[in-house]
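> Sequence first, predicted coordinates after that:
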Number of protein chains: 2
Amino acid sequence: MDIAVYMRDVGQQARAAATLIARSTTGVRNHALMATAEALDGARGELAEANARDLAGGRENGLDAAMLDRLELTPARIDAMIEGLRQVASLPDPIGAITDMTYRPSGIQVGKMRVPLGVIGIIYESRPNVTVEAASLCLKSGNATILRGGSESIHSNQAIALCLARGLAEAGLPEASVQVVKTTDRAAVGELITMPDYVDVIVPRGGKGLIERISRDARVPVIKHLDGVCHVYIDSHADPQKALDVAINAKTHRYGTCNTMETLLVDKEVAADMLPLLGQAFTDKGVELRGCEHTREILTDIKTATDADWEEEYLAPVLAIRVVDGLDGAIAHINRYSSRHTDSIITENYTRARRFITEVDSSSVMVNASTRFADGFEYGLGAEIGISTDKLHARGPVGLEGLTSQKYVVFGDGHIRA
Amino acid sequence: MDIAVYMRDVGQQARAAATLIARSTTGVRNHALMATAEALDGARGELAEANARDLAGGRENGLDAAMLDRLELTPARIDAMIEGLRQVASLPDPIGAITDMTYRPSGIQVGKMRVPLGVIGIIYESRPNVTVEAASLCLKSGNATILRGGSESIHSNQAIALCLARGLAEAGLPEASVQVVKTTDRAAVGELITMPDYVDVIVPRGGKGLIERISRDARVPVIKHLDGVCHVYIDSHADPQKALDVAINAKTHRYGTCNTMETLLVDKEVAADMLPLLGQAFTDKGVELRGCEHTREILTDIKTATDADWEEEYLAPVLAIRVVDGLDGAIAHINRYSSRHTDSIITENYTRARRFITEVDSSSVMVNASTRFADGFEYGLGAEIGISTDKLHARGPVGLEGLTSQKYVVFGDGHIRA
């Protein structure tokens, strides 16, 4: 197979489908989502069979237990995919909404209409349920999608693709509205990210290495986050119980997520009071602590944190702790080392809370709340395709709106410019 | 001078200034704008002298009359710069606005805060008044700016830069908030567009060649439009007088602007009625017409339009005319040849108007209005830094809001994720 020719064909079909899907009604797109849910429900046997082939291949190729777990399509995960499709169908349709319509002194009426972006390329790793999640959000927002999953999940993804094709066909939408790339050749990714004529934006999901590579080589815009080095800062005016609750939750609720706290900052004025409590609580949870010199004067039996720790996304039961010189020290540390994902202050002080949310330059800034809340569902977006740490276009959790654009609409009555 | 070292120094200073300017109050930023206006007013002698040097240099280097005209800082143009600064100062401050603040079922409160992008690089050609226009919009929106003007206007730009520095200093803002690159070495542009650590976005203003080059080579996002191949489509249900008024205005109000009509589409059902009237009107205005075969059956003495004409931005008294097969023919032509800038339908038919605004994929779509309205001032943005034909981040005329981003703010009371 000539990968370049194949991918260009996929791109052309996606572009043609995008025009049709952009004009489709809310009802038709929801019909496709619901019909896909039914198709998945009716294809449990085929899905299990395809997934078994991927799992067998994965074992042969020596995938580790965590990878194999992510690859597995259990009945509960199929249920979740079906439920997800129904939830996306029930979300309000962003497309076509006209807002800010006003009359101008010239007499023309100007507003903005929300429209799809066009063709969205999704590149992801082993979890096959991403195929449905990503496709459903793109479909709901009127975009065509080209999905490129990991090679280890190719059979599962193709089985899911058949269900999507059935759902689209039933709603009268072109099957090319959602295409799952059929080759595992890595050259397909290189083509996908360098076809500006056929692809409007790339959303990569996966490890930092994958995303860095894609961002560097892409010739189209990329909606991405590289990593989540999230902070909680315990201010001297913090309520101690809130500080303890939030710090424990932000670190230990889940270790492998991008909104998990990786560095805890403690105001030096309360370090002697707070650190022993925190140290005990984290040790009870089995979290390895690494502290700055000042921290280690109080928690004497923990490891030393080096400069590399401040930049590390552990994704594990490991936490770096630094004692800082008040709010200024905290903000300086965060704006230097944070990956600009999510950072939280714990304080009862009005002025410090206000300064923190103004001066910390991250996609989510919080007061007295766990960083774990940085999530499309928790924010009320209904769902998310990812979390952006970029500043342009979409920032923070990206829901349906992040997959759309706006165009200006102007209504006149023969108006000409004077 | 080592250009790379110099530009990195400029970038570092801009990044440091961006942090301070982002925290500055509306009043301080407006003060800087007003003080710059006064500084310009007080520096008319220096400005004239610097501009005379540029004009003399331009003449020596054989710049044509149009280039020399754009380069000239007449007293009226200085007045316009001063007035522009005052207008930008009077615009509402977009920064810090918190919107969509809602309580979530978890109890947290989530909203969005509008924030500056950070450091904006502006690359432009000979008009020195762009220095003030661009700097004032970036300053108002809390961004630091690095300006790289054309080498032919270096003395004028440096004289303007002194006034900006005076204005910034008087308001207590760092002078590095606005930096005008001091070297005419073209390598400076190459550096400016490849410093993602120091520059958040590039806004190029100038010819298509410049913008294509910058977009290709940039390692940071670019807000741009390449060209304006704008269309007016006269539907069979058009009011003939509105059609005539709008077509003439869209083409002849100004020839050199990106929102000027370059191709006129006429429904075949009214071609025999409309084309003679249009032909006469355009000929009276001295506009050269180039028509498709069908057009030339009616306007027999005009030139033939080739395929190249459909893609051409003339920026001159030249107009391509094509007879199309109804609304479908018009939409097909526009979505193929339009530069997705601005396209207008003239019709009294409700359904056709509705289809046109939905199905034409351009940054501005209009009904019964001249394409010349596609402009930040006319749309009520107060001012514009440019017009974007991209779909991501900013689309259409880009005002202050396009120079900003939003971050999520979350207020809790010790909330943790369950």
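Perfect, I can see it now.
> hey, let's count contacts and neighbours off CA atoms from now on
Noted.
> count of neighbours near the closest residue to A:A316 other than its chain neighbours?
Leaving aside its chain neighbours, A:A316 sits nearest to A:Y255 (5.0 Å; criterion: Cα to Cα, 6 or more residues apart in numbering or on different chains). Using other Cα atoms under 10 Å in any protein chain shown, A:Y255 has 18 neighbouring residues.
> which SSE is A:Y255 in?
Assessed by DSSP states H and E, A:Y255 sits outside every helix and strand.
> Surely it and A:V287 touch.
No. Using Cα atoms under 8 Å, A:Y255 is not in contact with A:V287, being 9.9 Å away.
> Quickly list what's touching both of those two.
A:P317 (Cα atoms under 8 Å, 6 or more residues apart in numbering or on different chains).
> biggest strand in chain A, by residue count?
Longest strand in chain A by number of residues (criterion: DSSP state E): strand A:404-415.
> Backbone torsions only: list them for the nearest residue to A:G149 once chain neighbours are set aside.
Using Cα to Cα, 6+ apart and skipping the chain neighbours, the partner closest in space to A:G149 is A:Y124 (5.0 Å). Backbone geometry at A:Y124, expressed as degrees, to the nearest 10, gives phi -150, psi 170.
> Roughly how far does A:Y124 sit from A:V130?
Using Cα to Cα, to the nearest Å, one obtains 8 Å as the distance from A:Y124 to A:V130.
> Please tell me how far the residue of chain A most remote from its centre sits from B:Y198.
Distance from the centre of chain A peaks at A:A418, with 47.6 Å (Cα atoms, centre = their mean). Distance, A:A418 to B:Y198, by Cα to Cα: 42 Å.
> again, but for A:D390
To B:Y198, A:D390 is 14 Å away according to Cα to Cα.
> Just say helix, strand or coil for whichever residue of the stretch 301-418 of chain A sits closest to chain B.
Closest residue of the stretch 301-418 of chain A to chain B, Cα to the nearest Cα: A:H393 (3.6 Å). Secondary structure, DSSP: H, G, I helix; E, B strand; the rest coil: A:H393 is coil.
> what sits against it?
A:H393 touches A:402, B:392-394, B:405, counting by Cα under 8 Å, 6+ apart.
> re the thing from before, and A:D390 and B:Y198? Which one has more around it.
B:Y198 (25 against 21).
> doesn't that one fall inside a strand?
No. Assigned with three-state DSSP, B:Y198 falls outside any strand and is coil.
> low-scoring pLDDT stretches of the stretch 251-400 of chain A, where are they?
Within the stretch 251-400 of chain A, not a single segment meets pLDDT under 70.
> And the helices in it, which stretches?
Secondary structure of the stretch 251-400 of chain A by DSSP state H, counting those that start in this stretch: the helices cover A:268-284, A:293-298, A:307-310, A:326-337, A:350-359.
> what about the strands in the stretch 1-150 of chain A?
A:98-103, A:109-116, A:119-124, A:144-148 (DSSP state E, counting those that start in this stretch).
> which residues are contacting the longest strand of chain A?
A:94-95, A:106-117, A:141, B:242-243, B:245-246, B:346, B:357, B:362-370, B:391-393, B:395-396.
> State which helix of chain A is the longest.
Using DSSP state H to define each element, chain A has its longest helix at helix A:3-23.
> What residues are recorded as beta-bridge partners of the residue nearest to A:G149?
Beta-bridge partners recorded for A:Y124 (DSSP bridges): A:R205.
> Could you list every helix and strand in contact with the helix or strand encompassing A:I211?
Assigned by DSSP H and E, A:I211 belongs to helix A:208-217. Counting contacts by 3 or more Cα pairs under 8 Å, 6 or more residues apart in numbering or on different chains; DSSP states H and E, helix A:208-217 is packed against strand A:201-205.
> Next, the angle strand A:119-124 makes with the strand it packs on.
On the basis of axes from the mean of the first three to the mean of the last three Cα atoms, to 10 degrees, strand A:201-205 is oriented at 20 degrees to strand A:119-124.
> Now find how far off-centre strand A:201-205 is within its chain.
Distance, stretch centre to chain centre, for strand A:201-205: 10 Å (Cα atoms, centre = their mean, to the nearest Å).
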